[in-house]
Each structure stands twice: as structure tokens, then as C-alpha cells.
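> Just to be clear, the model below is a prediction. Sequence and coordinates:
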Amino acid sequence: MKMTEVKEISTKDLTEKIENAEAALQQMKLNHSVTPLENPSQIKAARRDIARMKTELRQRELNK
């Protein structure tokens, strides 16, 4: 997910997406510890997507 895509999402949807992405990341980490993922770089990509969404959410809070 790119920053341009994140900026188009409403604040309410953004918080929901963050919660869902964090839950998916935790599940992915758990699955990876039991059985290695075919593509472990998915974890890195998910972490970065969450960071992008949190960054945009924080910028919106500061600009109010």
C-alpha cells in the first residue's frame, strides 16, 4: 500500500485497517514460527504498511 492510497482513506476506515493489519501481522508471525512462510518478506511488508497507516493517522491528528 502506497502513501497516496493511505491518504485517500477516511480516518475511521484507517483505524479499522490498522487494527485488521496488526491482527493479520500477529497471525502471520505465529504461523511463521510454527511453519516457515513461503515468502517471509510478507512480514516486513505488513510491518511497513502498518507504519505508513499509523504515520498518516498521526499527521491527521496533528493537523487538526
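Right, received. Where do you want to start?
> then the longest helix along the chain to CSV, C-alphas only?
Among the segments of the chain that qualify as a helix by DSSP state H, the longest is helix 11-34. Provided in CSV are the C-alpha atoms of helix 11-34 (Å, rounded to 0.1, in the frame of the first residue of the first chain):
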residue,chain,number,x,y,z
THR,A,11,-9.9,8.3,9.3
LYS,A,12,-12.4,5.8,10.6
ASP,A,13,-11.6,3.3,7.9
LEU,A,14,-7.9,3.9,8.5
THR,A,15,-8.2,3.0,12.2
GLU,A,16,-10.1,-0.2,11.2
LYS,A,17,-7.5,-1.1,8.6
ILE,A,18,-4.7,-0.6,11.2
GLU,A,19,-6.4,-2.9,13.7
ASN,A,20,-7.0,-5.6,11.0
ALA,A,21,-3.5,-5.3,9.7
GLU,A,22,-2.0,-5.7,13.2
ALA,A,23,-4.1,-8.8,13.8
ALA,A,24,-3.0,-10.2,10.5
LEU,A,25,0.6,-9.5,11.3
GLN,A,26,0.4,-11.2,14.6
GLN,A,27,-1.2,-14.3,13.0
MET,A,28,1.4,-14.3,10.2
LYS,A,29,4.2,-14.2,12.8
LEU,A,30,2.6,-17.1,14.7
ASN,A,31,2.2,-19.1,11.6
HIS,A,32,5.8,-18.4,10.6
SER,A,33,7.1,-19.6,13.9
VAL,A,34,5.3,-22.9,13.5
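> Does anything pack onto that helix? Which helices or strands?
Contact partners of helix 11-34 among helices and strands, from 3 or more CB pairs under 8 Å, 6 or more residues apart in numbering; DSSP states H and E: helix 41-62. In short, each C-beta sits where N, CA and C put it, glycine included.
> What's the mean pLDDT across the helix it packs on?
In this model, helix 41-62 carries a mean pLDDT of 96.
> Same question for stretch 15-26.
In this model, stretch 15-26 has an average pLDDT of 97.
> What lies in contact with that stretch?
For stretch 15-26, the surrounding residues in contact (CB atoms under 8 Å, 6 or more residues apart in numbering) are I9, I43, A46, R47, D49, I50, M53, K54, L57.
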